[in-house]
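Let's see this in three dimensions:
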Amino acid sequence: MALFKKRTVGKPGEWYYCLEHQKVEEGPECPAKDRFGPYASREEAEHAMATAHERNLKWENDPRWHDVAARGEDDDARE
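Numbering: from 1, shown residues only. From the prediction side, this is the model:
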């Protein structure tokens, strides 16, 4: 007997963006490793890649992330 059952049909109203097929899906049709979500609406899922891009830019430009100079280390020193 399996401890965990794979849910093949998602809940109505759960939207995902499949990275493999580059399309919006209602419910998790594809494996978790290939999708973003869940999103509350189809429209949010349609903009998943743009949202991810915006978040990545914020993260890459966050001064708290680039604190190498504050520790007195060089980027090249860690390689």
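
got the residue ranges for the strands in the protein?
Ranges of strands within the chain are 15-18, 23-26, 35-39, based on DSSP state E.

Tell me which of these sits most buried.
Counting by mean count of other C-beta atoms under 10 Å, strand 15-18 has the highest mean neighbour count of the strands of the chain, with a mean of 22. Bear in mind the C-beta positions are built from the backbone N, C-alpha and C, glycine included.

Within the sheet, what are the partner strands of that strand, with directions?
Sheet pairing of strand 15-18 (DSSP bridges) gives strand 23-26 (antiparallel), strand 35-39 (antiparallel).

how about CSV for the strands of the chain, with distance to Lys58 added?
Rendered in CSV, the data for the strands of the chain read as follows (distance: least, C-beta to C-beta, whole Å):
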stretch, distance to Lys58
strand 15-18, 19
strand 23-26, 24
strand 35-39, 16
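
Mind putting the ones you listed into CSV with distance to Glu46 and mean pLDDT?
Supplementary listing: the strands of the chain in CSV, determined by distance: least, C-beta to C-beta, whole Å; pLDDT from 0 to 100:
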stretch, distance to Glu46, mean pLDDT
strand 15-18, 7, 96
strand 23-26, 6, 94
strand 35-39, 9, 94
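
Which one, of these, ends up nearest to Arg55?
Checking these against Arg55 by C-beta to C-beta gives strand 35-39 as the closest, at 10.8 Å.

circling back to that earlier point, can you list the strands paired with strand 15-18 in CSV and add distance to Asp62?
Putting these into CSV (distance: least, C-beta to C-beta, whole Å) gives the following:
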stretch, distance to Asp62
strand 23-26, 29
strand 35-39, 21
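
Check the spacing between Cys18 and Trp65 real quick.
Distance of Cys18 to Trp65, computed by C-beta to C-beta, to the nearest Å: 29 Å.

Excluding covalently adjacent residues, which one is nearest to Arg21?
Quick fix: residue 21 is His, not Arg. Counting by C-beta to C-beta, 6 or more residues apart in numbering, His21 lies nearest to Cys30, which is 6.8 Å off, once chain neighbours are set aside.

which sections of the chain are below the confidence cut-off?
Regions of the chain meeting the criterion pLDDT under 70 cover residues 1-10, 66-79.

tell me the angle of the biggest helix by length in the chain relative to strand 35-39?
Across the chain, the helix with the greatest residue count (assigned by DSSP state H) is helix 48-60. Our comparison of helix 48-60 with strand 35-39, counting by axes from the mean of the first three to the mean of the last three C-alpha atoms, to 10 degrees, yields an angle of 100 degrees.
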